[in-house]
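Q: Turn this into a model:
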Amino acid sequence: MKKILAACTAAFMAAGILSSCSSQASQINSKSQAEAPSSSIAVKETEQESPNPEKPSDNSNDKTYKIGIVQLVEHDALDASYRGFVDGLAEAGYYEGKNIVIDYQNAQGEQANCNTIATKLVNDKSDLILAIATPAAQAVANATKDIPILVTAVTDPAISKLVASNEAPGGNVTGTSDRTPNAEQIQLLTELIPTAETIGLLYCSSEGNSKIQIDIAREEAEKLGLKTIEYTISDLNELQQVMESMVGKVDAIYTPTDNKIASGMATVSMIATENKIPVIAGEGGMVENGALASYGLDYYELGKLTANQAVKILKDGASPADMPIEYLGDFDFYSNDDIANQLGITIPEDLKK
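A: Numbering: from 1, shown residues only. Coordinates of the predicted model:
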């Protein structure tokens, strides 16, 4: 299944995003399921609505489970993972306020907040903890070796030292990977921008999963005869300056599924589009917020896949130690027609189909 996103540039969101990412630990965002953020990623209509809460539960266990959730930061992909997880649980008969209690916490992009939230969820004796994004997962994994932990939106849990191996985790952590087709994304860049010779590789230097993806992208670019220049940030406050430093030096920009770059995508798009620099991104939410195109996974479906693992743990008593990291097998094409028009780029019909 392929999808096409036609989205508007989100340049005017930049100020709000940068403000959000400077929140301190005292500003940790705690929400119930009903209050949790709704992603603006376009999904099938049947996916946007949670199952009917009045539907009789198939779960015969009368116990009410406490599920703690820590999400690194609010942006479309991670929000969609959360929503898919909650909807997936409901489809399996686990409903908020009925037989599960969800404690959702958002760390607002701060590692210190992740650590504080992890300690809280462990002290509250959660029956299961979901960690969305690598820094959140590492915080929870350091906080408990006993409570089952599911991770999602993590590129490589083994390289991130969350599990012994992706095939046999061996501890209390398992989950789903958001490994994306980085090589194919570089190939997409050459198809949409055939005149590009120098590619700027943009990512956050503190995100290990981003570095993994950048290495794959660079190798593919070199195979295709492209020159690459790395541009990194350690904080969102650096993003505008780094983007401006690319102008006149690169013909296109590639950025992977990087949480900080995703949070600052409005700034990336504003500067890149003004200077006629196309951006190929790691996931669809970044396209909606101003990148030209992507070939990536559906984070809502990734969340539902993670929910299936949660059901195995809660209902069947499965151990994370014996549950391999799981992956989505299908990827979708995303494009932003408004950005394409501003850049004077025509999206080939075979991709649109």
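
Q: Quick check: phi and psi on the closest residue in space to A291 that isn't next to it in sequence?
A: Leaving aside its sequence neighbours, A291 sits nearest to A281 (CB to CB, 6 or more residues apart in numbering; 3.7 Å). (C-beta placed from N, C-alpha, C; glycine too.) Main-chain torsions, A281, degrees, to the nearest 10: phi -120, psi 170.

Q: Quick one: neighbours of A281, just the number.
A: Neighbours of A281 under the rule other CB atoms under 10 Å: 33.

Q: again with S263
A: Neighbours of S263 (other CB under 10 Å): 28.

Q: do the same with the one 5 residues further on
A: Here the number of neighbours of V268 (other CB under 10 Å) works out to 28.

Q: Tell me the secondary structure at it.
A: Secondary structure state of V268, per DSSP: H, G, I helix; E, B strand; the rest coil, is helix.

Q: which ones are touching it?
A: When contacts are counted by CB atoms under 8 Å, 6 or more residues apart in numbering, V268 touches L202, L239, M243, I253, T255, I261, V279, G290, A291.

Q: do that again at 10 Å, thanks
A: The contact partners of V268, by CB atoms under 10 Å, 6 or more residues apart in numbering, come to 11, 14, 202, 239-240, 242-243, 246, 253, 255, 261-262, 277, 279, 281, 286, 289-291.

Q: just L78 next, same as before
A: Contact partners of L78, counting by CB under 10 Å, 6+ apart, are 37, 39, 71-72, 106, 132-133, 136, 152-153, 178, 257, 259, 262-263, 285, 299, 303.

Q: Confirm that it sits in a strand.
A: No. If the criterion is three-state DSSP, then L78 is helix and not within a strand.

Q: hang on, the earlier thing: gap between the residue nearest to A291 and S294?
A: 5 Å (CB to CB, to the nearest Å).

Q: What remains of the contacts of V268 if I keep only buried residues?
A: 11, 14, 202, 239-240, 242-243, 246, 253, 255, 261-262, 277, 279, 281, 286, 289-291 (16 or more other CB atoms under 10 Å).

Q: Okay, and which of the contacts of L78 map to helices?
A: A136, N259, A262, S263, G285, Y299, G303 (DSSP state H).

Q: Can you say which two of these are spatially most distant?
A: S263 and G303 (18.6 Å; CB to CB).

Q: mind listing the strands for this structure?
A: 29-31, 65-71, 100-106, 128-132, 149-154, 173-177, 198-204, 227-233, 252-255, 279-281, 293-296, 326-327, 332-335 (DSSP state E).

Q: any chance of those in CSV, plus distance to D350 and mean pLDDT?
A: CSV is the format used below for those (distance: least, CB to CB, whole Å; pLDDT from 0 to 100):
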stretch, distance to D350, mean pLDDT
strand 29-31, 42, 46
strand 65-71, 36, 98
strand 100-106, 39, 98
strand 128-132, 34, 98
strand 149-154, 30, 97
strand 173-177, 29, 98
strand 198-204, 23, 98
strand 227-233, 27, 98
strand 252-255, 20, 98
strand 279-281, 17, 98
strand 293-296, 13, 95
strand 326-327, 26, 97
strand 332-335, 10, 94
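
Q: Same list, those, but as TSV with distance to A80 please.
A: Output for the strands of the chain, formatted as TSV (distance: least, CB to CB, whole Å):
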stretch	distance to A80
strand 29-31	16
strand 65-71	11
strand 100-106	14
strand 128-132	10
strand 149-154	9
strand 173-177	13
strand 198-204	20
strand 227-233	24
strand 252-255	18
strand 279-281	15
strand 293-296	12
strand 326-327	17
strand 332-335	12
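
Q: re earlier: give me the common contacts of A281 and S294.
A: T180, Q185, T255, T257, V287, E288, Y334, N336.

Q: number of nearby residues for the fourth one?
A: Other residues near T257 come to 30 when the count uses other CB under 10 Å.

Q: Quick check: phi and psi on P157?
A: Per degrees, to the nearest 10, the backbone of P157 is at phi -60, psi -30.

Q: and the residue lying closest to it once chain neighbours are set aside, how many neighbours?
A: In space, and not counting its chain neighbours, P157 is closest to V163: 4.7 Å by CB to CB, 6+ apart. V163: 29 surrounding residues under other CB under 10 Å.

Q: quick one: V163 and L150 touch, right?
A: No. Between V163 and L150 there is no contact, the gap being 11.5 Å when judged by CB atoms under 10 Å.

Q: which residues do the two both contact?
A: A137, V173, T174, G175, P320, M323.

Q: Same list, these, but as CSV with neighbour count please.
A: Shown next, in CSV, are the shared contacts of V163 and L150 (neighbours: other CB atoms under 10 Å):
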residue, neighbour count
A137, 29
V173, 28
T174, 29
G175, 28
P320, 22
M323, 19
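
Q: Return the member of the residues you listed nearest to K312.
A: For the shared contacts of V163 and L150, the nearest to K312 is M323 (6.9 Å; CB to CB).

Q: Pull the contacting residues for the residue nearest to the closest one when sequence neighbours are not counted.
A: Leaving out its chain neighbours, the residue that sits closest to M323 by CB to CB, 6+ apart is T174, at 4.3 Å. T174 is in contact with 148-151, 157, 162-163, 166, 168, 306, 309, 312-313, 318-326, counting by CB under 10 Å, 6+ apart.
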